[in-house]
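Enquirer: Build me a structure from this.
(2 chains)
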Amino acid sequence: MSTYRTHLLLCGGTACHATGSQAVKEALLKEIAKQGLEKEVRVIETGCNGFCAQGPVMVVQPEGIFYQKLTPKDIPYLVEEHFLKGRPVERLFYVEPASSETIPGMNEIPFFSRQVLRVLRNKGAIDPEKIDEYIARDGYLGTAKALLEMTPDEIIAELEKSGLRGRGGAGFPTYLKWKFAKASPGEVKYMLCNADEGDPGAFMDRSVLEADPHAVLEGMIIGAKTIGAHYGYIYCRAEYPLALRRLDIAISQAREYGLLGKDILGSGFDFDLEVYQGAGAFVCGEETALMHSIEGKRGMPRPRPPFPAQQGLWKRPSVLNNVETLANVPQIILKGGDWYASVGTEGSKGTKVFALSGDVINIGLVEVPMGITLRDIIFEIGGGIPDGKKFKAVQLGGPSGGCVPEHLLDTPTDYEAISKVGAIMGSGGMIVMDEETCMVDMARFFIDFCKEESCGKCTPCREGTKRMLEILERITEGKGEIEDIERLEELSRFVKDSALCGLGQTAPNPVLSTIRYFREEYEAHILEGRCPALVCQALITYSIDTEACKSCGLCKKNCPAEAITGSKKPPEPFVIHEEKCIHCGVCFSGCPFDAIKKSSGSKVARAA
Amino acid sequence: MAKLTIEDLKRIKEQVKKDTALREGGATVKITVHMGTCGIAAGAREVMDALLQEMAETDRQDIRVVTSGCMGMCSSEPNVTVEVQGHDPVVYQGMDANKMRQVFKRHVLLGEVQTDFALARMKEESPEEGSAEQET
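Expert: Purely as a prediction, here's the structure:
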């Protein structure tokens, strides 16, 4: 028997798969064999490392060196230089954008060094397809403690002490949910996990399932013991094939070890579960719709009460927790509620995982202590806005949330503080927008999403989102009236107050928050026919800057509407004819000399 | 696999931890095998093989093996540097598999610097003391 001297922790999350980590893995294995290092250097495919923008990424242990943007072409040199001869390859290191400094050590990179890993503690450190590696990092010890040493009331007390609140978005105290379900009479109860992550730009739950599926299983076993359930479901969308595969592997390994099934760890407690694949409908993230879907019915919500804790799946008492919530539970049991509550704010304890995306340098998954400001997340961890552009707003909580403008960036990540500024903590989606984002268009995008995803059961949501979309489309086309802003606000209030479920009740949030903070943009569209961010196609005029134009003729060749005239020989200046222009933007994006200029507002309300 | 008990769980944890400890940091001993072209030509690969066999046989989880390039003393290759936390590094020269095993068993595990193979600039060690000080 021999032992390995180096572990290569290659990221195998969905994002790194997409950027080619499988090909890198094959190249690594081939080259390591070629150099005769297969008994010294081991390649481990981990779950999502979190630094998705730099993928495929790999961490070399024990040195802790971080390599990024690997391609199969880099591998022969890397293996010979670093893994054989011990000379780390600098050109594959991370480069700090601000200082252009190369940083070899993962823990020195600001993106990683500011994070506090609890839910993601195993990300990139274990092979998620090997239960033994999970056990080596205290896996299933929380389950053992809960099953063998604790009563349901003690578990609830520990959770209450921890201050854990639902990470799916609403922030309802987890201990209360469990307490109500435990108190509900009934022989048959269900423990459910919501892995139907549907917000655009959110991928926290997917990453947890891909990197650490056993943590979620543990949370479910502990929850089941607490409320007295013996069967459970994980509701996960079919659009997450890798997460589903790793879940299946985890479940069968746990069954093999008797960690699922009858008499778990000799405690006399029985629990088993199955994965239910959803078709990816946004509304099925709503708890009653999700339960209908598992029952084989159309995924539609029903009025509450009765709440699922009294009458849930198949009218039995049920608890539904989000992936991230459940992944927190085993550590709270193992290390205690006080440990968990040692970070965070008064009302929001522990850590929160955010999926940082949009116009930000370090796109990826970050876990931070509650209470850290939005500015710290976006500028310290996220590295700020790329290409020297200015920050405009950040959308929290996806289509149910709201945007936060620059002057409120020092708002702490705290459930109450964030809802005070008109956004929500949400499940953790954080879409950063730079100055070239049109806020009216952004609101239109989210309302369009909600209109598409509305299940149609209740009129306020079905009709309200449709009417709001019509008004927003009108405004982005320069056909709006000043009364439209008031109409939008009024409709928003109606839909919020009367929709049946969370989808409709929160759908107007992006509209309300953009009107609240960016009313002048709505007014510019309506009164001046001008889109300040130069996004809304109908309000943009394209023209050619004759100074910069080199008369290459590319724009004329590409124009689908034949709206451009001009020639090099005989010299005749290139001109865009507004009456023929369809505002497709092909000339703008195709000009090699940046000679095509966009402007807006020069023609007042073209449509009029 | 039969049903696990809590004892099984702890046993698996200890077994696998030995293998994954490499990823956790917190080493107290670092052994560097210098693997420049000169080192490999002089037999550094055999030294590494022997070292990894020794590693497999020990229960210590705080020892890290790394490679590095040529130190610039090609004539004394294969070179191996042993760094025990709190002590100055000791560079060994002209290593082979047997010497490596000896250094591992005596210096790494027991703390006795093997002065016979150490580079000349190491201070003579007094027989009573188990540690070496580097001359400055």
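Enquirer: pLDDT on the longest helix along chain A, on average?
Expert: For chain A, the helix that runs over the most residues, judged by DSSP state H, is helix A:509-528. Averaging pLDDT along helix A:509-528 gives 96.
Enquirer: Quick check: which ranges of chain B have low pLDDT?
Expert: Counting by pLDDT under 70, chain B has low-confidence residues at B:1-2, B:25, B:120-136.
Enquirer: coming back round to it: show me what the longest helix of chain A is packed against.
Expert: strand A:391-396, strand A:402-405, helix A:439-453, helix A:459-476, helix A:483-498 (3 or more C-beta pairs under 8 Å, 6 or more residues apart in numbering or on different chains; DSSP states H and E). Bear in mind the C-beta positions are built from the backbone N, C-alpha and C, glycine included.
Enquirer: now the angle from that helix to helix A:439-453?
Expert: 130 degrees (axes from the mean of the first three to the mean of the last three C-alpha atoms, to 10 degrees).
Enquirer: residues near residue 117, how many?
Expert: Looking at chain A here, since you left the chain open. 17 (other C-beta atoms under 10 Å in any protein chain shown).
Enquirer: Sorry, I should have been clearer: chain B.
Expert: B:Phe117, neighbours per other C-beta under 10 Å, totals 22.
Enquirer: Now do the buried residues in stretch A:509-518.
Expert: A:Asn509, A:Pro510, A:Val511, A:Leu512, A:Ser513, A:Thr514, A:Ile515, A:Tyr517, A:Phe518 (16 or more other C-beta atoms under 10 Å in any protein chain shown).
Enquirer: residues touching A:Arg121, list them.
Expert: A:Arg137, A:Asp212, A:Gln331 (C-beta atoms under 8 Å, 6 or more residues apart in numbering or on different chains).
Enquirer: What sits closest to residue 9 if chain neighbours are left out?
Expert: Let's take chain A. Distance criterion C-beta to C-beta, 6 or more residues apart in numbering or on different chains; nearest residue to A:Leu9, sequence neighbours excluded, is A:Val59 at 4.5 Å.
Enquirer: actually chain B
Expert: Per C-beta to C-beta, 6+ apart, closest to B:Leu9 is A:Tyr140, 5.7 Å.
Enquirer: Ok, A:Cys461 next?
Expert: In space, A:Cys461 is closest to A:Gly504, 3.0 Å off (C-beta to C-beta, 6+ apart).
Enquirer: part of a helix, is that neighbour?
Expert: Yes: assessed with DSSP: H, G, I helix; E, B strand; the rest coil, A:Gly504 lies in a helix.
Enquirer: pLDDT value on it, please?
Expert: At A:Gly504, pLDDT is 95.
Enquirer: What's the local residue count around it?
Expert: Residues lying near A:Gly504 (other C-beta under 10 Å) number 27.
Enquirer: For it, list the residues it contacts.
Expert: By C-beta under 8 Å, 6+ apart, the residues touching A:Gly504 are A:Cys450, A:Ser454, A:Cys458, A:Pro460, A:Cys461, A:Gly464, A:Thr465, A:Val495, A:Lys496.
Enquirer: for A:Leu147, same thing?
Expert: Applying C-beta under 8 Å, 6+ apart, the residues near A:Leu147 are A:Ile221, A:Ile222, A:Lys225, A:Ile264, A:Leu265, A:Ser267, A:Phe269.
Enquirer: Which of the contacts of A:Arg121 sits closest to B:Gly39?
Expert: The closest of the contacts of A:Arg121 to B:Gly39 turns out to be A:Arg137 (C-beta to C-beta; 35.3 Å).
Enquirer: Just give me the residue right at the centre of chain A.
Expert: A:Ala202 (1.7 Å; C-alpha atoms, centre = their mean).
Enquirer: In three-state terms, how would that residue be classified?
Expert: Applying three-state DSSP: A:Ala202 is coil.
Enquirer: was I right about it contacting A:Ser400?
Expert: No: A:Ala202 sits out of contact with A:Ser400 when judged by C-beta atoms under 8 Å, with a separation of 10.8 Å.
Enquirer: Quick check: neighbours shared by the two?
Expert: Common contact partners of A:Ala202 and A:Ser400 (C-beta under 8 Å, 6+ apart): A:Gly426.
Enquirer: How is B:Val103 assigned, secondary-structure-wise?
Expert: Reduced to three states by three-state DSSP, B:Val103 is helix.
Enquirer: What separation is there between A:Ser113 and chain B?
Expert: Distance, A:Ser113 to chain B, using C-beta to the nearest C-beta, to the nearest Å: 14 Å.
Enquirer: and that residue, how many neighbours?
Expert: A:Ser113 has 13 nearby residues by other C-beta under 10 Å.
Enquirer: ok, which stretches of chain B are strands?
Expert: Taking DSSP state E to define them, one finds strands in chain B at B:29-34, B:63-68, B:80-84, B:90-92.
Enquirer: Of these, give the one that comes closest to chain A.
Expert: Within the strands of chain B, the stretch nearest chain A is strand B:63-68; the backing value is 3.2 Å (C-beta to the nearest C-beta).
Enquirer: mind listing what the closest one pairs with, with the direction of each?
Expert: In the sheet containing strand B:63-68, its partner strands are strand B:29-34 (parallel), by DSSP bridges.
Enquirer: No more questions from me, cheers.
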